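Asks: What shape does this take:
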Amino acid sequence: MQLKVLTEYEKAHLSDRQPLPDRYVGLADAEMDARIARARATLGRRLVILGHHYQRDEVIKYADYTGDSYKLSQQVSAHPDAEFIIFCGVHFMAESADVLSAPHQQVILPDLAAGCSMSDMAEPGQLEICWRELEQMGVLGATDAATGTRAVVPVTYINSAAAIKAFCGERGGIVCTSSNAAATLTWAWQRGEKILFLPDQNLGRNTAYAMGIPLERMVVWDPNDVDGGLTADAVQAARLILWKGHCSVHTRFTVRQIENLRAQHPGIRIIVHPEVPWDVAQAADESGSTEFIIGRVTASPPGSIWGVGTEIHLVNRLAEQVHPDRIVHSLDQFGCLCSTMFRVSPNHLLWILEGLVAGEVHNRIIVPDAQKHWTKVALDRMLTVR
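Replies: Prediction:
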């Protein structure tokens, strides 16, 4: 029998997991609507619900704010009166919210099983080994005392564990989102000769290439190989060291899908998220964050035809609810579903809300104090870069 290897997140929260009580299973939509509305009214200003764009419609309709990771991170400090922040998303988002929240606030994830496979591709122990091997290669060098310039600046995508963010913050690095990735790379290169970018190699590669960095100045670090599978000369010659990680949703998009849509719909405009593979980004007309995608479709004239390469719930929302006078297609005819985002259900949300009304807090996310300071440093830097 093969044993399952637990992620760092699972190890930290295994004892906290509580299954959804049976009394919350199989409820009619109308009953859940009424009970959620009643609980929200009771909690009033003590509560803020944040919903990521990739959440299912039956959850997102209850959110006070919707957005991508960057936009929702900004909302945490905008509500100092709220005692409870329910983050309808995945665990790394709730961790960031906990770090950015005030001491009296509690951040709650409706389902603790809502994780992120990309985040799990970069573990703290692997990053420590990587950093040590870079040092042994002679890549890290010493920080210039006069200018503060470093040889390598670590940059982590917000889709990473708090421990990874803390590691980067402590070493002069920063967190980025897809919304500010280019500005963050500029920030990092102003402070270092090279960037170690993790965990999504596609976001790093696509962003840097669009900024004029040639592919031959980028290398991929495999955390499961000695020295990342690279020679010291290759790393020395690189400007960008990309961690070998990816998004399981966005890597499903292909150039063939784009070609098929162009053949079926002459004049269609293709827009993709920068987590897609490099060749897909090159075949598209535009690439950008979820907020960018929404903005471009919103600003387009009625009757415009779009092929969108991102998670299916956002694509369907653009097509059916937000812009019915635009024609919006998913690049993947079967739809690319983020299965971990899908774990958060209205049933879980109702359970959490009625627990709060009764004075019970379920599924609170708490980042250890040992990680909080440097995680906040890295996140605060992120919030200043646009």
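Asks: in the helix or strand containing Lys165, what's buried?
Replies: Following DSSP states H and E, one finds Lys165 within helix 162-170. For helix 162-170, the neighbour count (16 or more other Cβ atoms under 10 Å) marks Ala162, Ala163, Ile164, Lys165, Ala166, Phe167, Cys168, Gly169 as buried. Glycine gets a C-beta too; all of them are placed from N, C-alpha and C.
Asks: where's the fifth one relative to Pro154, distance?
Replies: In this structure, Ala166 and Pro154 are separated by 11 Å, where distance is defined by Cβ to Cβ, to the nearest Å.
Asks: Also the first one?
Replies: Counting by Cβ to Cβ, the separation of Ala162 from Pro154 is 14 Å.
Asks: go on, the fourth one?
Replies: Plainly put, Lys165 is 10 Å away from Pro154 if you go by Cβ to Cβ.
Asks: which residues touch the residue nearest to the spatial centre of the chain?
Replies: Geometric centre of the chain, nearest residue: Asn159, 3.8 Å, by Cα atoms, centre = their mean. Shown in contact with Asn159 (Cβ atoms under 8 Å, 6 or more residues apart in numbering): Ser69, Phe92, Cys116, Met118, Ser119, Pro199, Asp200, Cys247.
Asks: hang on, the last one packs against Glu275?
Replies: Yes. In terms of Cβ atoms under 8 Å, Cys247 counts as a neighbour of Glu275; the distance is 4.4 Å.
Asks: okay, the two: which has more neighbours?
Replies: Glu275 (28 against 25; other Cβ atoms under 10 Å).
Asks: isn't the more buried one right next to Asp200, touching?
Replies: Yes. Assessed by Cβ under 8 Å, Glu275 is found in contact with Asp200 at 5.8 Å.
Asks: Mutual contacts of those two, please.
Replies: His246, Cys247.
Asks: and the closest residue to Glu58 other than its chain neighbours, how far is that from Arg45?
Replies: Nearest non-adjacent residue to Glu58, counting by Cβ to Cβ, 6 or more residues apart in numbering: Pro346, 5.1 Å away. Distance from Pro346 to Arg45, counting by Cβ to Cβ: 22 Å.
Asks: So these two - more neighbours on which side?
Replies: Counted by other Cβ under 10 Å, Pro346 and Arg45 do not tie: Pro346 has more neighbours, with 21 against 9.
Asks: Might one say that that one is in contact with Glu31?
Replies: No. Between Pro346 and Glu31 there is no contact under Cβ under 8 Å: 10.4 Å.
Asks: picking that back up, what's the residue nearest to Glu58 in contact with, if anything?
Replies: Asp29, Met32, Ile36, Glu58, Val59, Tyr62.
Asks: quick one: which of those is nearest Leu230?
Replies: Lowest distance from Leu230 to the contacts of Pro346 (Cβ to Cβ) belongs to Val59, with 42.2 Å.
Asks: Low-confidence stretches in the stretch 201-350 of the chain?
Replies: Counting by pLDDT under 70, the ranges of the stretch 201-350 of the chain that qualify are 322-323.
Asks: quick one: the helices in it?
Replies: With DSSP state H, counting those that start in this stretch as the criterion, the stretch 201-350 of the chain has helices at 201-210, 232-237, 255-264, 278-283, 290-299, 312-317, 346-357.
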